[in-house]
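> Let's see this in three dimensions:
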Amino acid sequence: MEGMPNTKHTRNTIVHEYIVKTKPWLPLFAVWGAEWMIVSLIAVIGEWKFPDWLNVALLGLAVLVSIFILLRSTGASDKRSKTAGQTDGGVFSGSGFIVLLPALLLAGTVLLLEGLHAVDPYFRELFRSLLVSFFYVQLGVFAGRSFIYLGLWLFALSAIIGTFYIGFSIEVLGLFGGASLIACGWLLGRIARTAAAPTE
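Model (predicted):
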């Protein structure tokens, strides 16, 4: 009906504005996606060819790079706010933080359950990839169908590997799960660039 607001369009606009706020954090998807892929490649090549501490070193490197990204984004946001005379918290403001909150809770859930040894190591990669697929689908409800398709693809792959080829879960799900994180970060970055572009 004429005169009534387009609720779906308004909702998408708000979500895209939130994603723009989180743009400085989006490289985190590439960092942890690459870490996941490298660990799986090590498993493919054979762990006996590498020192035992390599996986721990990769994890530590990913953590350090993540801290650097967070500190850099915070500093850049503060600098912009001071220059503009604003008090906006940037990526750590309510609107900036809310988009990445599900991803942070997802990561916290995985770390907590694995730290408590609640997940059998044999099914660890399957567990991770299923949780990530759920995250993509939920994100797609608000951010676009591309994320839903990504989540359904990863879920289908996880179901096939878990049912018929569980012995290859580290290699297959680790490699493609990491690649999906990188793809998710790229899709979010594309939305952020499009939403931030000036409109005529």
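> And the helices in this structure?
When secondary structure is read from DSSP state H, the chain shows helices at 7-21, 27-45, 54-84, 94-115, 124-143, 145-164, 169-196.
> my guess is residue 157 meets residue 126, correct?
No. Counting by Cβ atoms under 8 Å, residue 157 sits too far from residue 126 to count as a contact (10.3 Å). Any C-beta I mention is one placed from the backbone N, CA and C, and that applies to glycine too.
> so what's in contact with those two at the same time?
residue 173 (Cβ atoms under 8 Å, 6 or more residues apart in numbering).
> Give the residue from those two that has the larger number of neighbours.
Each of residue 157 and residue 126 has its neighbours counted (other Cβ atoms under 10 Å); residue 126 has more, 21 against 17.
> doesn't residue 160 make contact with that one?
No. Counting by Cβ under 8 Å, residue 126 sits too far from residue 160 to count as a contact (10.8 Å).
> For this protein, which residues score under the pLDDT cut-off?
Scanning the chain with the threshold set as pLDDT under 70 gives 1-12, 14, 47-48, 75-100, 197-200.
> ok, now how distant is the spatially closest residue to residue 40 that is not a sequence neighbour from residue 145?
Distances taken as Cβ to Cβ, 6 or more residues apart in numbering put residue 174 closest to residue 40, at 2.8 Å, once the chain neighbours are dropped. Residue 174 sits 26 Å away from residue 145, taking Cβ to Cβ, to the nearest Å as the criterion.
> Those two: which is more packed in?
residue 174 (25 against 9).
> Pretty sure residue 36 is one of the things the more buried one touches, is it not?
Yes. With contact defined as Cβ under 8 Å, residue 174 and residue 36 form a contacting pair (5.6 Å).
> Quick check: neighbours shared by the two?
With contacts taken as Cβ under 8 Å, 6+ apart, residue 174 and residue 36 have no neighbour in common.
> and the residue nearest the centre of the chain, what does it touch?
Closest residue to the average C-alpha location of the chain: residue 29 at 4.4 Å, with Cα atoms, centre = their mean. By Cβ under 8 Å, 6+ apart, the residues touching residue 29 are 181, 182, 184, 185, 186, 188.
> Could you check how many residues crowd around the closest residue to it other than its chain neighbours?
The shortest distance from residue 29 to any non-neighbouring residue, by Cβ to Cβ, 6+ apart, is to residue 185 (2.8 Å). Residue 185 has 19 neighbouring residues, counting by other Cβ under 10 Å.
> Distance check, residue 185 against residue 13.
Using Cβ to Cβ, residue 185 is found at 21 Å from residue 13.
> cool, and residue 186?
21 Å.
> same thing with residue 182?
Residue 182 sits 26 Å away from residue 13, going by Cβ to Cβ.
> Any buried residues in stretch 34-53, and which?
Buried residues in stretch 34-53, counted by 16 or more other Cβ atoms under 10 Å: 34, 35, 36, 37, 38, 39, 40, 42, 43.
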